[in-house]
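>>> Sequence isn't available, so here's the structure alone:
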């Protein structure tokens, strides 16, 4: 930029600043330095591109109060999904050559998976319309006819989970037992065991697709992934808050409880998010390691799942290979676990999450059968199409 152009650009920026100041009718002061820097820094040179996913800072205004405190006003672009797994941008950039991370939750406002189970959806809506005192009796007097075995499993899952919900709703609050309204314990394990574990244990019991170990479970594939191939020494052990094993005893779902019901430590959430992603990748590698002769296109459809609990929210994520033999992570469903009967409509999104996991795992049964057939030689696979060729040559 020439000197004359630079002078004109600065004047334009100052005129914009003056106009903004003139629009303020209160006696408060505005942070000149922040506004001027924001105005100038968000201009791009010809041919330059702004960094992706950078929030437009010009949509934030800082107002100084008479006591010299700063009040910030920001636009709706600063809305964000709360209580989700958290990955620092630097981490996302650092691991991009290995894994792509998509933290934008998939559109779930339509409850598409749950709505595909018409009988189960109707049953759930009717159940949520019951009074608390009547729900338990009502649940077990309902008979469903002419439904598939798949939908029957989902219905039974709903019944057992809602029974547990009613039981929790009748519990006497700890604050009453302690004769104080300020006693609020927030133990991470209490929330995990009382509210999260029953959901997924019932899921496994009723679908037959997962068996679980709970609380400080050692993951097998993490140590194998860190194997030092020069001396054949296994890596360090890693533990998870929950592990789900599929019908072939493969580690298929890894779970982390990052905090209790009321308070979140963001640094703990970040650590658990990164740890869980690493575990999911190790688990997918574990399946690939025993299917090196299978077709890579079949391996592309293989999924590993993760559940992270953050306050009252649970987030379901999945990891797959991509076409370049790298890894792809995305968050697919989020739900908030209801803790009182008046919150019972939150079960719609909880069962949407569970229905999604149910369908996805059911599809994996077929996928794993195909992988096994290809690995065992029952299906002829050209060498250039195998997992061995696609992954080991990357």
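Noted; the coordinates are in hand. The structure presented is a predicted model; accordingly, all values stated were derived computationally and were not measured.
>>> what stretches of the stretch 1-150 of the chain score poorly on pLDDT?
1-58, 76-78, 106-108 (pLDDT under 70).
>>> Okay, helices next: where are they in it?
Here the stretch 1-150 of the chain has its helices, by DSSP state H, counting those that start in this stretch, at 3-22, 32-41, 89-95, 112-115, 118-128, 132-141, 149-169.
>>> starting at the chain centroid, how far to stretch 127-146?
Relative to its chain's centre, stretch 127-146 lies at 31 Å (C-alpha atoms, centre = their mean, to the nearest Å).
>>> I meant to write stretch 192-207 there.
18 Å.
>>> Now do the buried residues in that stretch.
Neighbour counts using 16 or more other C-beta atoms under 10 Å place 192, 194-204, 206-207 of stretch 192-207 among the buried residues. In this view, the C-beta of every residue, glycine as well, is placed from N, C-alpha and C.
>>> Check stretch 287-294 too.
Buried-residue list, stretch 287-294, by 16+ other C-beta under 10 Å: 287-288, 291-294.
>>> Tell me which of the residues you listed fall in helices.
Among the buried residues of stretch 287-294, the members falling in helices are 287-288 (criterion: DSSP state H).
>>> Run through the bridge partners of the residue nearest the centre of the chain.
The chain has residue 315 as the residue nearest its centroid, 3.6 Å off, counting by C-alpha atoms, centre = their mean. Listed by DSSP bridges, the beta-bridge partners for residue 315 are residue 308, residue 334.
>>> Next one: it from residue 371, what distance?
27 Å (C-beta to C-beta, to the nearest Å).
>>> Can you report how many residues neighbour the residue nearest to residue 353 when sequence neighbours are not counted?
Spatial nearest neighbour of residue 353, chain neighbours left out: residue 333 (4.0 Å); criterion: C-beta to C-beta, 6 or more residues apart in numbering. Residue 333 is flanked by 24 other residues according to other C-beta atoms under 10 Å.
>>> To which secondary structure element type does the spatially closest residue to residue 105 that is not a sequence neighbour belong?
Closest residue to residue 105 apart from its sequence neighbours, by C-beta to C-beta, 6+ apart: residue 331 at 5.1 Å. Here residue 331 is recorded as strand under DSSP: H, G, I helix; E, B strand; the rest coil.
>>> Which pLDDT value goes with residue 331?
Looking at residue 331, its pLDDT stands at 95.
>>> check contacts around it.
Neighbour list for residue 331: 84-85, 102-106, 315-317 [criterion: C-beta atoms under 8 Å, 6 or more residues apart in numbering].
>>> again, only using 7 Å
84-85, 103, 105, 315, 317 (C-beta atoms under 7 Å, 6 or more residues apart in numbering).
>>> before we move on, what about residue 360?
residue 303.
>>> which element is it on?
Using DSSP states H and E, residue 360 falls within helix 347-376.
>>> No more questions from me, cheers.
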